[in-house]
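A.B. asks: Generate coordinates for the sequence data below:
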Amino acid sequence: MLKGHGRSHSQLGDLLLVASLTKTLSESGTRYLPDPHSIPLSEPLLVQILRSSSLDPSKKLDFFRWCSLRKNFKHSARTYSHMFRTLCRAGYLHEVPDLLNSMKEEGVFVDSGTFKALLDAFLRSGKFDSALEILDVMEELGISLNTQMYNSVLVALVRKNQMGLALSIFFKLLEDSSHVPSSIACNELLVALRKADMRVEFKLVFDKLREKSGFGFDIWGYNICIHAFGCWGDLGTSLQLFKEMNNSIGPDLCTYNSLLHVLCFVGKVKDALVVWEELKGSGHEPDAFTYRTLVQGCCKTYRIDAAAKIFSEMQHNGYSPDTVVYNSLIDGLFKVRKIDDACQVFEKMTQDGVRASSWTYNILIDGLFRNGRAQAGYTLFCDLKKKGQFVDGISYSIVVLQLCREGLLEEALALVEEMEGRGFVVDLVTITSLLIELYKQGRWDSTDRLMKHIRDGNMVPNVLRWKVDMEALVKNLQTKRKDYTPLFPSSGEFSEIMNLIGSAARSTMDPELVSDDAKFKDEESLSSETNQWSSSPYMDHLANQGQAIEHFSHLFTLYRGQRVQEKGVGSFDIDMVNTFMSIFLAKGKLSLACKLFEIFHDMGVNPVSYTYNSLMTSFVKKGYFDEAWGILNEMGEKVCPADIATYNVIIQGLGKMGRADLASAVLDKLIEQGGYLDVVMYNTLINALGKAGRIDEVNKLFEQMRDSGINPDIVSYNTLIEVHTKAGRLKEAYKFLKMMLDAGCIPNHITDTTLDFLGKEIEKQRYQKASMMRNKDDDS
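C.D. replies: Sure thing, here's the model as predicted:
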């Protein structure tokens, strides 16, 4: 009994002491506390005070330090832990470093959970350097984070967009063989690296995870990597991962969506459509993302009829097209010259309540300009300006470029002033368009006028400074080619083009993929290499052919080369080289353009497909086929993929050489590599075949053009009338004239010349018929 009474008296005394100390602290802090040596300080006592909800965190910290004044007193790990957690909850993180130093001096170690709380607090507040210092302290004290803690720190850094720190934590985690990172943390890191376009780092993380014992990608990890490598043009790795996934955890709809996106991205739209048809009957019903991907892919490759069919099916299956889908379809219709259809789709978009964006109106303005409706495009632009909405810097740039095309330089400069006045940045595309027009009009010394009209930023001064430096370099060029070796050395002739674009493919390509109509040529072979229970046997087939298909993806790019790459400082030199080469070549100064190319090529500036295509076009026009052949060889050596413009030049060259017989073979190779035919390519082929007298092939090509959904333009009709007239097929020439007028194509000066020739040929034919009839009457 006595012992029990003693214990209860002791507990009561502790409670009274805690209450007294707490009251004194809350009212006046530590100023009126008794001498620390006069109070029986103990861990339970301190913990109760530190837990008190009535005390301000700053008063708790003062009390914690006040206790340390007592001689030989040392805080326990428990009290340090309570104090650290209190500071974290209150946001007093600036007090943590001093407290950590005191803890180390006293030789006290808190548990890893407390360090985890500190790390989380610093990460939440954005104090990433302090978070790393916490990790250093833990390492110094020999306290290691467990895997779960590493994962949470890694995720927090990724979400705060601290990629450098996240990577350092990731690699530190991998150093310990006992730590295996979680799939969730790794997936978040991979997604962030892909979004930041950190390709080298993504590949390094990917390789490290593949090497890590005990780690395996989950379905999301596979999908992330398939999508990322595909977006960067690495079709082979995407297919390899799909094959690996197919043999383990199995793909889902997201996997197939990613692969469809990859196939469309690299130009394999026909393959994507085959996979899509298989998926519809497999249980993996397409979703909104599937439809969007296919509509975009079809529109980019001029498969407008297929895009319209998919668009209709999307709506029929209950999916509402969003702004991106409508934009893609409208843009595709403008590309194939179906102007009325494009405008009707836009009207449907507004009726369906889908909100148009600035990008939508930019597509409309640009589409009207490119299809000969300049007045309508400019009216739309002005109406949008009055309403004060949907006009951005790109809208202005599109109109400035159109004014430059029409030679309206003063109006273009005035619009640039207005553009800058409205707060839009005048980009390099706009500046170089103005520069080209200044030179085109012979105002070689008027480039300083740009400074008067564009006053904001450093872009114009940089452009003009580059121009001055370039002119000095060209003037004082000391060529390194003293042995007079050609700028573009080559072996063989231009007519050997099929060897260049086909030899590498034949060495690696499976025979089934060589011809376009052989995809399912051998059903037994296909079934032997694929799982017939698969959602898409054809996708399995493509995965088995991954290496060969990957080879093709490096030969051709779906995206036409641009004069300005818009990659900032990294592409400024080649952007300016392309601009001045365009200026020189337009003036017929081929030798000057070659000098410019040589200077910057020797300085280590890497040419792009636009650079090579520009030079090659000029060489072909002048009949310098050996030099054009040399450019093609250099493109192959530098792994600079050909685009649709490259193939256009090739067919022009073959036509001028009288080798139109190779044009069809080149065309087949283009389609095989994922290419497409636009209206320009059709016109080039019609011209090449027509001048070679292959009129029946011309007519078949024209029908193919119309069947594919592409409306002929004025160039198409002029060419058709000319080649049929010269071939003596006047009735067919007249038929194309009537078709042109019925289609609403406005004749130009070339049409007038062609019609004059047609009229003379018709009169000549009539005269010949009349002469024959007269001779017949005389004989009788």
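
A.B. asks: Which secondary structure elements does the strand or helix carrying residue 668 sit against?
C.D. replies: Assigning secondary structure by DSSP states H and E places residue 668 in helix 663-672. Contact here means 3 or more C-beta pairs under 8 Å, 6 or more residues apart in numbering; DSSP states H and E; on that basis helix 663-672 packs against helix 497-508, helix 644-656, helix 679-691. (C-beta placed from N, C-alpha, C; glycine too.)

A.B. asks: quick one: which of the ones you listed has the weakest pLDDT on average?
C.D. replies: Least confident of the helices and strands packed on helix 663-672, judged by mean pLDDT, is helix 497-508 with a mean of 50.

A.B. asks: all strands of the stretch 451-600 of the chain, in order?
C.D. replies: Assigned strands in the stretch 451-600 of the chain: none (criterion: DSSP state E, counting those that start in this stretch).

A.B. asks: Could you check how many residues crowd around the closest residue to residue 232 other than its chain neighbours?
C.D. replies: Counting by C-beta to C-beta, 6 or more residues apart in numbering, residue 232 lies nearest to residue 199, which is 5.8 Å off, once chain neighbours are set aside. Residue 199 has 15 neighbours, counted by other C-beta atoms under 10 Å.

A.B. asks: what about the helix holding residue 668, average pLDDT?
C.D. replies: Here the average pLDDT along helix 663-672 is 76.

A.B. asks: With stretch 623-643 instead?
C.D. replies: 80.

A.B. asks: Can you list the buried residues in that stretch?
C.D. replies: 624-636, 640-643 (16 or more other C-beta atoms under 10 Å).

A.B. asks: same check, this time on stretch 581-589
C.D. replies: 581, 582, 583, 584, 585.

A.B. asks: Just give me the closest of those residues to residue 468.
C.D. replies: Using C-beta to C-beta, residue 583 comes nearest to residue 468 of the buried residues of stretch 581-589, at 14.9 Å.

A.B. asks: List the contacts of the nearest residue to that closest one once chain neighbours are set aside.
C.D. replies: Leaving aside its chain neighbours, residue 583 sits nearest to residue 439 (4.6 Å; criterion: C-beta to C-beta, 6+ apart). Each residue near residue 439 by C-beta atoms under 8 Å, 6 or more residues apart in numbering is listed here: 583, 586, 587.

A.B. asks: Burial check on residue 606, number of neighbours?
C.D. replies: Residue 606 has 12 nearby residues by other C-beta under 10 Å.

A.B. asks: if I look at the residue nearest to it when sequence neighbours are not counted, how far off is residue 672?
C.D. replies: Nearest residue to residue 606, sequence neighbours excluded (C-beta to C-beta, 6+ apart): residue 574, at 6.9 Å. In this view, residue 574 and residue 672 are 30 Å apart by C-beta to C-beta, to the nearest Å.

A.B. asks: residue contacts, the closest residue to residue 250 other than its chain neighbours?
C.D. replies: Leaving out its chain neighbours, the residue that sits closest to residue 250 by C-beta to C-beta, 6+ apart is residue 219, at 7.9 Å. For residue 219, the contacting residues are 245, 249, 250, 251, 252, 254, 255, by C-beta under 8 Å, 6+ apart.

A.B. asks: try 10 Å this time
C.D. replies: With contacts defined as C-beta atoms under 10 Å, 6 or more residues apart in numbering, residue 219 is in contact with 183, 245, 248, 249, 250, 251, 252, 254, 255.

A.B. asks: Spatially central residue for this structure, please.
C.D. replies: In the chain, the residue lying closest to the centroid (C-alpha atoms, centre = their mean) is residue 231, at 7.0 Å.

A.B. asks: tell me the contacts of it?
C.D. replies: 194, 197, 199, 238, 258, 261, 262, 265.

A.B. asks: Flag whichever of these scores worst on pLDDT.
C.D. replies: residue 265 (85).

A.B. asks: The closest residue in space to that residue that isn't next to it in sequence is in what secondary structure piece?
C.D. replies: Leaving aside its chain neighbours, residue 265 sits nearest to residue 230 (6.1 Å; criterion: C-beta to C-beta, 6+ apart). Counting by DSSP H and E, the element that carries residue 230 is helix 219-231.

A.B. asks: That helix - what's its average pLDDT?
C.D. replies: Mean predicted confidence for helix 219-231 is 91.

A.B. asks: now that helix: how far from the chain's centre is it?
C.D. replies: 15 Å (C-alpha atoms, centre = their mean, to the nearest Å).

A.B. asks: Could I get the average pLDDT for stretch 449-469?
C.D. replies: 77.

A.B. asks: How far does that stretch sit from its chain's centre?
C.D. replies: 29 Å.

A.B. asks: for it, how far is the first residue from the last?
C.D. replies: Start and end residues of stretch 449-469 are separated by 18 Å (C-alpha to C-alpha, to the nearest Å).

A.B. asks: What ranges does the stretch 351-500 of the chain have for its helices?
C.D. replies: All helices of the stretch 351-500 of the chain, identified by DSSP state H, counting those that start in this stretch, fall at 358-370, 374-387, 393-405, 409-421, 428-440, 449-453, 459-475, 497-508.
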